[in-house]
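Chemist: need coordinates for the below:
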Amino acid sequence: MYQNLPKKVTLIEVGPRDGFQFETKIVPTDLKVEIICGLMEAGVKHIQAVSFVHPKIVPQMADAEEVMRRIPKREDVVLSALVLNAKGLERARAAGLTHVEISVSASDTHSRKNTGMSLSRAIEQGQEMIRLAKTYGMQVRAGIQCAFGCVYEGQISDERILNMAEIFMKPGIDALCLADTTGMANPLSVKGLLKSLTEQLSILNSQFSIPVVLHLHDTRGLGLANAAAALECGVSHFDTALGGMGGCPFVVGAAGNIATEDTAYLMKSMNIEIGIDISKVSACSRRLEAFFAKMLPGKMFRLILKELEDYL
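Modeler: A predicted model of the protein is given here:
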């Protein structure tokens, strides 16, 4: 029996960044803007729209500035971007972004493959970027990748994760994201790490009372089970991707993020408010299925639209 569940949960849509970035077929700028606008119309209030990375390394994000220029600004919607270095941060600032995510892997091997930096150097750069972003008046979310394990290094100790969390909190971040990049988390490990993190936050100081976000991948089919476990620990912010898009190019066999529609349905089934029209998000997923000419891994978006078709 689930107890002490939050009354409301915020789903942060990362499909336009994490999802598109994983695809080799380049998504036209028009379609990116169309999907992001469709998500806003569906009631999604937090969207990670782009990443500012080198276009030769991630050609899918080469039009990041143009995408941001063309998305209509709404006061009730937070648009954010992932930045991996100081140059990316400057580009985000020039594009008018007020919310950025700075993400560092807890695995030295994964960090070197992903960014070409050692763990220690990546942490140092992360601190520098957080401080710089705060001087620009930006809202900063710090992400810790491979928080629940790494396919290269195995289990990552809670001590390392907690130490990284404390390091990133000191410059004044606005949210902390724990990412199950390799999909190795299970409900017990999720509860264990969150319990340790909660205890550490209470010991540190009340000034660190910031939201904790979970970024869950469904590589081993436990994504929603892990989300349900996190709900019991008081987590009320989750990254999701429409249709279950996404993955990690440096993890063989990596699956996408937990699907926005599936997660929204789970929350609604538990009487948790999300404020999202699942059918409208589903229409965006079907639009992308047609474009990529392949099935996306999510489940509910296909079922919901079939039910609507049958009804009509």
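
Chemist: got the phi and psi for residue 150?
Modeler: Residue 150 adopts backbone torsions of phi -140, psi 140, taken as degrees, to the nearest 10.

Chemist: need the helix or strand of the chain with the lowest average pLDDT.
Modeler: Scoring the helices and strands of the chain by mean pLDDT, DSSP states H and E places helix 300-311 at the bottom, with a mean of 66.

Chemist: poorly predicted segments of this protein, please.
Modeler: 1-2, 203-208, 248-255, 305-312 (pLDDT under 70).

Chemist: the helix or strand hosting residue 140 pairs with which strands, parallel or anti?
Modeler: Here residue 140 sits within strand 139-145, counting by DSSP states H and E. Partner strands and pairing direction for strand 139-145 (DSSP bridges) are strand 99-105 (parallel), strand 175-180 (parallel).

Chemist: those strands: which one's closest to residue 245?
Modeler: Nearest of the strands paired with strand 139-145 to residue 245, taken as Cβ to Cβ: strand 175-180 at 15.5 Å. Just so you know, the C-beta spots here come from the backbone N, C-alpha and C atoms, and that holds for glycine as well.

Chemist: next secondary structure after that closest one?
Modeler: Per DSSP H and E, strand 175-180 leads on to helix 187-204 as the next helix or strand towards the C-terminus.

Chemist: please name every helix or strand in contact with that following helix.
Modeler: Judged by 3 or more Cβ pairs under 8 Å, 6 or more residues apart in numbering; DSSP states H and E, helix 187-204 is in contact with helix 158-169, strand 175-180, strand 212-216, helix 223-232.

Chemist: could those go into a markdown table alongside distance to residue 51?
Modeler: Listed next are the helices and strands packed on helix 187-204 as a markdown table, based on distance: least, Cβ to Cβ, whole Å:
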| stretch | distance to residue 51 |
| --- | --- |
| helix 158-169 | 19 |
| strand 175-180 | 14 |
| strand 212-216 | 14 |
| helix 223-232 | 22 |
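
Chemist: got the ones you listed as a markdown table, with mean neighbour count and distance to residue 143 columns?
Modeler: Converted to a markdown table, the helices and strands packed on helix 187-204 look like this (neighbours: other Cβ atoms under 10 Å; distance: least, Cβ to Cβ, whole Å):
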| stretch | mean neighbour count | distance to residue 143 |
| --- | --- | --- |
| helix 158-169 | 18 | 9 |
| strand 175-180 | 23 | 4 |
| strand 212-216 | 25 | 7 |
| helix 223-232 | 21 | 16 |
